[in-house]
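> Task: produce atomic coordinates for the following.
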Amino acid sequence: MHSQIKSIIKLHLSGIKTSVNFSSLVSDFKEITKIRLSVSVVFSSIAGYLLGAETISFVTIMLLMFGGYFMVGASNAYNQIIERDLDALMDRTKNRPIPAGRMSVNVAFIIATSFTILGLITLYVINPKTAMYGAISIFLYTSVYTPLKTKTPLSVFVGALPGAIPFMLGWVAATNDFGIEPGTLFAVQFFWQFPHFWAIGWFLYDDYKKGGFFMLPTGKRDKGTAVQIILYTVWTIIVSILPVFGFTGELKLSIVGAVLVFLLGLVMLYYALRLFKLRTAKAAKDLMLSSVLYITLLQIIYVADKFIR
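The predicted structure is shown next:
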């Protein structure tokens, strides 16, 4: 009887251990592919697709969702392989799967290459141009942006290029064409990234410094950086309301939509000015959160405006 009880307990504990291991594997997989970031990229891509599509294909939306996730997941896995030693130095990243020793470089590389291939195939099924821009995004993020992060603040400019692709990628997926419309969507997300990432660079300044990353334009949390954040916030607002003036082709925005986007921009500008005044980590974090709200609501307004007009 005693041995039977021991066997039952042992079996139960083994089941718990297996469950914990599986949960840890899933968690590490989500971390190496940055699933939360992937969701935001997929959201941008679908918004761009809905703006460009004359008739909506749910098959294309599904392909865009999976293709977008594969491409972002690949980029982030390559990034974490390259920066594994630097990630180990920073509090924010030291518990990532590779520096923490829970995942080998080989396993991460298999994930990255598999996701690259799957992503390119999935996007190619939509159309060749979509796959091409997806490939450019991976190349710029992995081979140019990542190495430059420890060399120069200009890395943010380079990183803004692949970061701006998802919104326009959706339009290209819908039309198999690149013109003024996806170019405008690209510009919106391109300029938006500067206040967004400089805000992150500001409130994580000390942690980034441990890894030797240069994220702020002046290299310091000073008035010069704050002024540039304000300037790029203003540029973001201007570019975001361009469609209301009627010279962005088929990408249009009603006066009501433009007013809503402009008001959203003023909220982000308020937090940028507040950062200039206070120059604190909390003010920078508030700006970052307002920028996330801005780009999310802007995309919703753009799409809603198209279907309500």
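
> check contacts around the closest residue in space to Q193 that isn't next to it in sequence.
Excluding the flanking residues, the one nearest Q193 by C-beta to C-beta, 6 or more residues apart in numbering is A160, at 4.3 Å. All C-beta atoms are positioned from the backbone trio N, CA, C, and that covers glycine. Contact analysis of A160 by C-beta atoms under 8 Å, 6 or more residues apart in numbering lists 190, 193-194, 197.

> one more time with 10 Å
By C-beta atoms under 10 Å, 6 or more residues apart in numbering, A160 lies in contact with 140, 145, 189-194, 196-197, 232.

> Out of those residues, which sit inside helices?
189-194, 196-197, 232 (DSSP state H).

> could I get those residues as TSV with distance to L86 and neighbour count?
As requested, these are exported to TSV (distance: C-beta to C-beta, whole Å; neighbours: other C-beta atoms under 10 Å):
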residue	distance to L86	neighbour count
Q189	27	24
F190	26	22
F191	28	22
W192	26	28
Q193	21	20
F194	23	21
H196	22	27
F197	17	20
Y232	26	21
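
> want to throw the residues you listed into JSON lines with distance to G52?
Listed next are the ones in helices among the contacts of A160 as JSON lines, based on distance: C-beta to C-beta, whole Å:
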{"residue": "Q189", "distance to G52": "15"}
{"residue": "F190", "distance to G52": "18"}
{"residue": "F191", "distance to G52": "20"}
{"residue": "W192", "distance to G52": "19"}
{"residue": "Q193", "distance to G52": "21"}
{"residue": "F194", "distance to G52": "25"}
{"residue": "H196", "distance to G52": "24"}
{"residue": "F197", "distance to G52": "26"}
{"residue": "Y232", "distance to G52": "26"}
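
> mind giving me the domain ranges of this structure?
Per automatic domain parsing, the domain ranges recorded for the chain read 34-177, 179-309.

> follow-up on the earlier one: now, which of the ones in helices among the contacts of A160 sits nearest F66?
F66 lies nearest to Q189 out of these, by C-beta to C-beta, at 21.0 Å.

> about what we covered before: can I get the ones in helices among the contacts of A160 in JSON lines including distance to M288 and pLDDT?
Shown next, in JSON lines, are the ones in helices among the contacts of A160 (distance: C-beta to C-beta, whole Å; pLDDT from 0 to 100):
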{"residue": "Q189", "distance to M288": "15", "pLDDT": "96"}
{"residue": "F190", "distance to M288": "17", "pLDDT": "96"}
{"residue": "F191", "distance to M288": "16", "pLDDT": "97"}
{"residue": "W192", "distance to M288": "12", "pLDDT": "97"}
{"residue": "Q193", "distance to M288": "11", "pLDDT": "94"}
{"residue": "F194", "distance to M288": "12", "pLDDT": "96"}
{"residue": "H196", "distance to M288": "6", "pLDDT": "95"}
{"residue": "F197", "distance to M288": "9", "pLDDT": "94"}
{"residue": "Y232", "distance to M288": "14", "pLDDT": "97"}
